[in-house]
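A.B. asks: predicted structure and sequence below. I'll ask about it afterward.
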Amino acid sequence: MSDFPDDIYTEPSNIDVHTLNNLGPLRPLAGVWQGTRGLDVKPKAEGPKKQAYVERIELQPIDPQTNGPQLLYGLRYHTHVTKPDQVKTYHDQVGYWLWEPATGCVIHTLTIPRGQTAMAAGTAAADAKSFRLESTQGLETWGICSAPFLLHAFKTVAFNITVTVHDDGSWGYEEDTVLMIRGQSEPFHHTDRNRLTKIAEPTPNPLARG
């Protein structure tokens, strides 16, 4: 039996246009951030390789979003990563962080310019300082979709991310991207972690500015 209402068209009447006031556990993430001590453990032919990285991530509030009666508040983000003292992009990623106040659902979407997209989700209290989201390949919801080569050579079967907000206002994440690599029988855990410090405040969403 579905938990969704029979009326799938009527939008809620209690929409607050001020997204920054309605982000639940995502509120501390809003803004522009920098992390200088990132660590990536990635697969190479000779085995796992550790790589330090520097990251800039911008998370800006978007106007409230509705799917009929469903109401979501969120942040649009762009992550840009380089190796220390380099200009060349090491990793680039865009997507949304979304919060559904009615259910406590947190959603993280990500797209990378190597032909892959994923959607991870979990639940958290509005004042949670830490939460974990998960995504699994092959599911119709909270799944992972890869271009043919990645599916052939580096098949991503699972992804999870744990976010922790610290008392000093910084926040960090730990990611685990589980790969089945062609020619290997055991899964490889491609991990990333970083801690980010705010360098600029968020810009209010368009409706709030209006």
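C.D. replies: Nice, I can see it. Numbering: from 1, shown residues only.

A.B. asks: distance of Ile57 relative to His152?
C.D. replies: Distance of Ile57 to His152, computed by C-beta to C-beta, to the nearest Å: 30 Å. The C-beta positions use only the backbone N, C-alpha and C, and glycine is treated the same way.

A.B. asks: the two: which is more packed in?
C.D. replies: Ile57 (19 against 10; other C-beta atoms under 10 Å).

A.B. asks: so the spatially closest residue to His108 that is not a sequence neighbour: helix, strand or coil?
C.D. replies: What sits nearest to His108 in space, not counting adjacent residues and going by C-beta to C-beta, 6 or more residues apart in numbering, is Ala120, at 4.7 Å. Under DSSP: H, G, I helix; E, B strand; the rest coil, the three-state class of Ala120 is strand.

A.B. asks: residues in contact with Ala120?
C.D. replies: Residues near Ala120 by C-beta atoms under 8 Å, 6 or more residues apart in numbering: Ile107, His108, Thr109, Leu110, Leu133, Glu134, Ser135, Trp142, Phe159, Asn160, Ile161.

A.B. asks: can you show me the strands along this protein?
C.D. replies: 31-44, 47-61, 65-67, 70-82, 89-100, 105-112, 116-123, 130-136, 144-146, 154-165, 171-181, 188-200 (DSSP state E).

A.B. asks: quick check: which of those is nearest to Glu11?
C.D. replies: strand 65-67 (4.7 Å; C-beta to C-beta).

A.B. asks: show me what the closest one is packed up against.
C.D. replies: In terms of contacts (3 or more C-beta pairs under 8 Å, 6 or more residues apart in numbering; DSSP states H and E), strand 65-67 is packed against strand 70-82.

A.B. asks: buried set for stretch 51-59?
C.D. replies: Tyr53, Val54, Glu55, Arg56, Ile57, Glu58, Leu59 (16 or more other C-beta atoms under 10 Å).

A.B. asks: meant to ask about stretch 23-40
C.D. replies: Using 16+ other C-beta under 10 Å as the test for burial, stretch 23-40 gives 23-27, 29-33, 35, 38, 40.
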